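Chemist: Pasted the sequence and its predicted model underneath.
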Amino acid sequence: MGKMTPDTREQEGVLAGTPDWQPPVTGTGTFSRLPRCPEFGLGEVDLAILGIPWDGLVTYRPGARFGPQAIRQASIACRSYSQAMKVDVFKNLKSVDAGDVDVSIFDFEETFSRIETRVAELQQAGAAVVSIGGDHSVLLPILRATSAKHRQLTLIHIDAHTDTSDTGGNPPHHHGTCIRDAIEEGLIKGERIFQIGIRGSFGDAEYLAYGEQSGINLLDMHDFHDPARKAEFTARLRETAGEGPCYLTFDIDGVDPAFAPGTGTPVPGGLSSFEAIDFLYDLRGLNFVGGDVVEVAPVYDIETQITSLLAASIVLQIAALVAIGKPLSKS
């Protein structure tokens, strides 16, 4: 092979899946220095990182539209090898940064349509899509695409909130309704949803009752710290998922604001950074077809980037979960 130019390096990166090493202060603003490749052909890529800069349906503090940019910036510290998962992510997965969805800031219906279309395009090309958002309302169009591609999907949902709110139809959706919306649209069955980290207060007891009636499996923070209940929950999750497709949606407010202050709806008493990453380790071997990290609002990150740094690490671990079940790519 001859000497690589910047253009050929990017082309080879798409095929080989391994970005050239660069000092953290150099290079373009892609996730973990991956090649930027908005378009590619069938079978050319295994993993696509997709930004969704949207926070038009938040109910409290805005700012998650800046999440993708901040997570990418923080990801300069993310290298290819996951020590926890024992896998070299970008050697196992032909990986690219697919850029951002072209959202419509003032039109959620158009934005949802564009998200669904873009995710479906990437999945059709063979990619597992890991999205960086954005508020949690983006999960609905993501699931519209993903459930059409992957039947009998199991959803693993880490969050402080159940996201089973009911707006009464005005507006029809917000970032706290995405789980209820997905169930009522028939995208996923309640018994195939596993929620971790739920805590705090709720606007209405009906939100919890809805989850119970729908069969949602819930591991709140009290049960998370009970080894027997946590083990039983994880075993039930594995039994339900089997070898079928799994999707992981990670709302960063599932982590305690002491460790992740940069979010719009912080709730005390959550997971520590270690507990969040360690729980992902417990999910090894499941068949992950995608995931997301949402609700990162860097304006509240107290100038430390700790929330964005954690989010970038979680994105890499989700990619590692995808990689574990993939054969080594050939360059």
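Modeler: It's in. Residues are numbered from 1 along each chain as shown.

Chemist: If I look at the residue nearest to the spatial centre of the chain, what pLDDT would I see?
Modeler: With distances taken as C-alpha atoms, centre = their mean, D292 lies nearest the centre of the chain, 1.1 Å away. Predicted confidence (pLDDT) at D292: the value is 98.

Chemist: what about it, which helix or strand?
Modeler: Element membership of D292 [criterion: DSSP states H and E] is strand 287-294.

Chemist: tell me the strands in this protein, going along the chain?
Modeler: Taking DSSP state E as the test, the strands found in the chain are 47-52, 81-82, 87-88, 95-100, 128-133, 154-158, 193-198, 217-220, 245-251, 287-294.

Chemist: of all those, which lies closest to G270?
Modeler: Closest approach to G270 among these (C-beta to C-beta): strand 193-198, 5.8 Å. (C-beta placed from N, C-alpha, C; glycine too.)

Chemist: for the closest one, which positions count as buried?
Modeler: Within strand 193-198, the residues scored as buried using 16 or more other C-beta atoms under 10 Å are I193, F194, Q195, I196, G197, I198.

Chemist: Could you give the bridge partners of the fourth one?
Modeler: In this case it means I196. I158, L219 (DSSP bridges).

Chemist: please renumber so the chain begins at 480
Modeler: Right, with 480 as the first residue, what we last looked at is I675.

Chemist: who's in contact with it?
Modeler: If a contact means C-beta atoms under 8 Å, 6 or more residues apart in numbering, then I675 has I635, H636, I637, D638, L698, F703, F712, G733, F758 as its contacts.

Chemist: still on that earlier bit, for the buried residues of strand 672-677, which one is nearest D683?
Modeler: I677 (14.7 Å).

Chemist: what number of residues lie near L759?
Modeler: Per other C-beta atoms under 10 Å, the neighbour tally for L759 reads 23.

Chemist: What confidence value was assigned to the closest residue to E754 other than its chain neighbours?
Modeler: If the residues on either side of it in the chain are set aside, E754 comes closest to F703, at 7.7 Å by C-beta to C-beta, 6 or more residues apart in numbering. pLDDT, F703: 98.

Chemist: Would you confirm that F703 contacts G676?
Modeler: Yes. At 6.8 Å, F703 counts as touching G676 under the criterion of C-beta atoms under 8 Å.

Chemist: shared neighbours, those two?
Modeler: Each of L750 lies in contact with both F703 and G676 under the rule C-beta under 8 Å, 6+ apart.

Chemist: Run through the stretch 680-810 of the chain and note the low-pLDDT ranges.
Modeler: Along the stretch 680-810 of the chain, the parts satisfying pLDDT under 70 run over 805-810.

Chemist: tell me which residues in stretch 718-726 are buried?
Modeler: The neighbour-count check on stretch 718-726 (16+ other C-beta under 10 Å) flags T719, A720, P724, C725, Y726 as buried.

Chemist: List the residues that contact the second one.
Modeler: If a contact means C-beta under 8 Å, 6+ apart, then A720 has T633, L765, N766 as its contacts.

Chemist: Distance of it relative to L526?
Modeler: Separation of A720 from L526 (C-beta to C-beta, to the nearest Å): 20 Å.

Chemist: Also the last one?
Modeler: From Y726 over to L526 the distance is 14 Å, taken as C-beta to C-beta.

Chemist: which regions of the stretch 480-629 of the chain lie under the pLDDT threshold?
Modeler: The model of the stretch 480-629 of the chain has pLDDT under 70 over residues 480-507, 521.

Chemist: isn't L526 right next to V609, touching?
Modeler: Yes. Judged on C-beta under 8 Å, L526 makes contact with V609 at a distance of 6.7 Å.

Chemist: Now do the shared contacts for the two.
Modeler: Contacts common to L526 and V609, judged by C-beta under 8 Å, 6+ apart, are A798, V801.

Chemist: who's more crowded, those two?
Modeler: Using other C-beta under 10 Å as the criterion, L526 and V609 rank with L526 on top: 29 against 26.

Chemist: Report the contact partners of the more buried one.
Modeler: Applying C-beta under 8 Å, 6+ apart, we find L526 in contact with G496, V568, L572, K573, S574, V575, A606, A607, V609, A798, V801, A802.
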